[in-house]
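Asks: Coordinates only, no sequence provided:
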Ligand SMILES: [Zn+2]
């Protein structure tokens with residue numbers, strides 16, 4: 001099923017909040033080439049078009065095949081970048097967003113499921129840089145290969161909880177609802193990355209609705225990683241919307257999915273019947289569930305209420 005007709009047309013011309021955007025999946029190909037050349041690291045191609053033929057795609061694959069793409073270019077950008085290089089990377093990655101409105105970018109440091117030995121260092125870095133833009137930690141990786149939660153991750157998340165570091169976890173993307181349950185009950189996640197398979201366990205889903213757990217939905221990503229039924233008209237986002245769940249709309253990895261946030265808005269509008277009111281609600285949800293400090297969160301909500309023509313209500 002081709003969805004090219006939904007390609008990056010802006011249908012919601014108002015301020016938007018995005019909570020789930022991987023920096024290493026949002027870099028411009030030009031930036032990868034720049035770092036590859038600068039650091040003498042060989043890439044599969046030396047032109048934008050050539051590189052995109054390796055890293056970008058727009059027909060469904062599975063999560064494992066999707067994650068393999070990172071190995072083509074991560075060596076060029078990973079490692080000991082200087083502060084100047086990191087700034088360059090961030091600026092390039094967020095260029096798209098800057099077109100829409102003034103960005104409030106904050107970082108969430110990400111642990112990987114298959115690298116539990118790194119989690120302790122990740123939480124230490126979260127603590128060290130908490131006043132310099134780092135607001136939380138995440139756990140990502142291939143749920144389909146290994147769903148078993150390592151005690152290294154548990155200890156790191158416990159440390160984050162004790163130190164007031166916000167927590168989100170990729171769960172229930174391709175993995176079962178038990179991974180989501182574990183994320184909330186064991187890792188004390190406040191937000192779930194994706195979470196589509198939560199709805200397979202009605203009791204859990206009902207409980208998470210009550211707890212107001214936030215779901216970072218990435219519609220176009222879920223289509224291309226095979227996380228959900230390829231028929232977008234059966235996507236769990238429809239259920240989330242109907243049940244007034246706390247969710248937001250996000251791109252995930254726009255470099256690889258050859259997308260912008262507009263693509264995701266177009267997809268949910270065209271195939272799931274989302275309206276302007278739904279978009280406003282998703283963005284208010286996103287602002288309420290973001291990990292910004294309270295004062296900045298309040299300012300962000302006020303910006304949205306004003307732009308959406310809503311009466312200012314009590315800020316949560
Ligand atoms: Zn993600």
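Replies: Thanks, I have the structure now. Note that the structure is predicted; figures quoted are calculated from it, not measured. Residues are numbered from 1 along each chain as shown.
Asks: Helices of the stretch 101-250 of the chain, start to end?
Replies: Using DSSP state H, counting those that start in this stretch, the helices of the stretch 101-250 of the chain run over 119-128, 151-162, 177-185, 202-210, 219-224, 236-242.
Asks: quick one, what contacts the most centrally placed residue in the chain?
Replies: Taking Cα atoms, centre = their mean, the centroid of the chain lies closest to residue 20, which sits 2.0 Å from it. Listed by Cβ atoms under 8 Å, 6 or more residues apart in numbering, the contact partners of residue 20 are 193, 216, 218, 248, 250, 251, 252. (Each C-beta comes from the backbone N, C-alpha and C, glycine too.)
Asks: And it, how close does it get to residue 51?
Replies: Per Cβ to Cβ, to the nearest Å, residue 20 is found 24 Å from residue 51.
Asks: and if you look at residue 73?
Replies: Residue 73 sits 7 Å away from residue 51, going by Cβ to Cβ.
Asks: Quickly list what's touching both of these two.
Replies: Joint contacts of residue 73 and residue 51 (Cβ under 8 Å, 6+ apart) are 32, 43.
Asks: higher neighbour count, the two?
Replies: Of the pair residue 73 and residue 51, residue 73 is the one with more neighbours under other Cβ atoms under 10 Å, namely 25 against 22.
Asks: ok, that one touching residue 56?
Replies: No. Taking Cβ atoms under 8 Å as the definition, residue 73 is not a contact partner of residue 56, at 11.0 Å.
Asks: All the strands of the stretch 201-316 of the chain, residue numbers only.
Replies: Under the criterion DSSP state E, counting those that start in this stretch, the stretch 201-316 of the chain contains strands at 214-217, 246-249.
Asks: One more: the stretch 1-150 of the chain?
Replies: Using DSSP E, counting those that start in this stretch, the strands of the stretch 1-150 of the chain run over residues 107-112, 134-140.
Asks: Throw the ones you listed into a markdown table and include mean pLDDT, mean neighbour count and distance to residue 299, thanks.
Replies: Below are those laid out as a markdown table (pLDDT from 0 to 100; neighbours: other Cβ atoms under 10 Å; distance: least, Cβ to Cβ, whole Å):
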| stretch | mean pLDDT | mean neighbour count | distance to residue 299 |
| --- | --- | --- | --- |
| strand 107-112 | 89 | 20 | 19 |
| strand 134-140 | 95 | 21 | 15 |
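Asks: Adding distance to residue 199 as columns, could you present the ones you listed in CSV?
Replies: Compiled in CSV, those are given as follows (distance: least, Cβ to Cβ, whole Å):
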stretch, distance to residue 199
strand 107-112, 25
strand 134-140, 21
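Asks: Quickly note the distance from the nearest residue to residue 163 once chain neighbours are set aside to residue 169.
Replies: Nearest residue to residue 163, sequence neighbours excluded (Cβ to Cβ, 6 or more residues apart in numbering): residue 127, at 5.7 Å. Shown here: residue 127 relative to residue 169, a distance of 18 Å by Cβ to Cβ.
Asks: Neighbour count: those two, which is higher?
Replies: Of the pair residue 127 and residue 169, residue 169 is the one with more neighbours under other Cβ under 10 Å, namely 29 against 14.
Asks: Chain neighbours aside, what residue packs nearest to the more buried one?
Replies: In space, residue 169 is closest to residue 183, 3.8 Å off (Cβ to Cβ, 6+ apart).
Asks: My read is that residue 290 contacts residue 297, right?
Replies: Yes. Between residue 290 and residue 297 a contact is recorded at 6.1 Å, counting by Cβ under 8 Å.
Asks: Compare those two (neighbour count), which wins?
Replies: residue 290 (22 against 18).
Asks: so who does the more buried one touch?
Replies: So residue 290 contacts 17, 19, 106, 297, 300 (Cβ under 8 Å, 6+ apart).
Asks: The second one: neighbour count?
Replies: Think residue 19. Using other Cβ under 10 Å, residue 19 has 24 neighbouring residues.
Asks: Return the residues in contact with it.
Replies: 168, 191, 214, 216, 248, 250, 286, 289, 290.
Asks: Point to the helix or strand of this structure where mean pLDDT is at its lowest.
Replies: helix 95-98 (a mean of 51; mean pLDDT, DSSP states H and E).
Asks: Pull out the buried residues from stretch 11-20.
Replies: By neighbour count on 16 or more other Cβ atoms under 10 Å, the buried set for stretch 11-20 is 12, 15, 16, 17, 18, 19, 20.
Asks: rewinding a little: quick one, which of the helices of the stretch 101-250 of the chain is nearest to residue 270?
Replies: If you check each of the helices of the stretch 101-250 of the chain against residue 270 by Cβ to Cβ, helix 219-224 wins as the nearest, at 10.5 Å.
Asks: hmm, who's touching that closest one?
Replies: For helix 219-224, the surrounding residues in contact (Cβ under 8 Å, 6+ apart) are 3, 57-61, 66, 173, 194, 196, 227-228, 230, 232, 235, 237, 249-253, 256-257, 259, 263-264, 267-268, 272.
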